[in-house]
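[1] Pasting the sequence and the predicted coordinates here, then a few questions.
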Amino acid sequence: NEFIGRLPWDSDFFKHTIARLRLSTLNEQQMRLALTACKKADIECLYATLGSAQGNVDLAERNGFSLVGTRVTYEREVAPARKSKKSAVKIRLATEKDKKQLVSLSRALSRESRFARDPRFGPGAAQRLYRAWTEKLLLDTSPTTQVFVATVGERCAGFVAACVKSGIAHVELVIVDKRFRGKGVGSALMAACMAQYQRQGFKKFRVVTQGSNIAAQRLYQSSGFKLVGSALDYHKWFV
């Protein structure tokens, strides 16, 4: 359908028939056609990521969509590598043995997600999703998917996971254990991640995060990323 796309993975994971609205801005007629298509396809939940123009907001609210988050996109180009300073923070590639700790850390990230904010999914479903996401990235054998772990002494202090989409290196997940925040762990993780992709020849980096995640945005800004866009995330339930 030109207006909606069914999401098999989400549907299977959440045990609901889920689709995504293909348009980021639309008019009343297009909205009506999209909702009609959902009903014909027995869609239970429709995701929509819309531009923040007032027309989009009004249209979404009139048609029963619930705002579940604001997403912001940051980008940066390749820059000359900086000399690393001596630090107690050590960075290494993650292994299967790190899975338990990384999954535990990902729970904190799940609290910021749109799924945790939607009571029909809730925090429990959000945690399961982030566990699956973390495990998938950790087990991915592609040379363009990397997971880095930061350690301080013998303790895991945080991790960053990234992959490549359409020739751009995307930071997928990054989290620092709250006990190690303010110690340069996040900056060290981002620097190691970007250096690895630069060595592989990638020239652009991108990250999308929740607008409510101020700590993450500060980290990206301090790592040279610039804000390039924002949008509103909505969910509409039909059941």
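    Yes, it's here.
[2] buried stuff in stretch 10-30?
    Within stretch 10-30, the residues that qualify as buried are 10-11, 14, 16-21, 23, 26, 30, counting by 16 or more other Cβ atoms under 10 Å. For every residue, glycine as well, the C-beta is placed using N, CA and C.
[3] Closest to V160 out of those?
    Within these, proximity to V160 (Cβ to Cβ) peaks at D10, which comes in at 24.2 Å.
[4] contacting residues around that closest one?
    By Cβ atoms under 8 Å, 6 or more residues apart in numbering, D10 lies in contact with I18.
[5] try I175
    105-106, 108-109, 158-159.
[6] May I ask which two of the buried residues of stretch 10-30 are separated the most?
    Using Cβ to Cβ, the buried residues of stretch 10-30 span at most 25.9 Å, a distance reached by F14 and Q30.
[7] Just among the contacts of I175, which is most surrounded?
    Most neighbours among the contacts of I175, by other Cβ atoms under 10 Å: F159, with 28 neighbours.
[8] circling back: tell me the one of the contacts of I175 nearest Q210?
    Within the contacts of I175, proximity to Q210 (Cβ to Cβ) peaks at L109, which comes in at 9.4 Å.
[9] Would you agree the closest one is in contact with Y130?
    Yes. The pair formed by L109 and Y130 meets the contact definition of Cβ atoms under 8 Å, at 5.7 Å.
[10] okay, and the common contacts of the two?
    Applying Cβ under 8 Å, 6+ apart, one finds that L109 and Y130 are jointly contacted by L173.
[11] For this protein, which segments count as helices?
    Under the criterion DSSP state H, the chain contains helices at 8-14, 28-40, 54-62, 99-110, 114-117, 122-139, 185-199, 214-222.
[12] how much space is there between P123 and K136?
    Going from P123 to K136 by Cβ to Cβ, to the nearest Å gives 20 Å.
[13] Kindly report the same for A195.
    In this view, A195 and K136 are 24 Å apart by Cβ to Cβ.
[14] Same check on I4?
    With distances taken as Cβ to Cβ, I4 is found 25 Å from K136.
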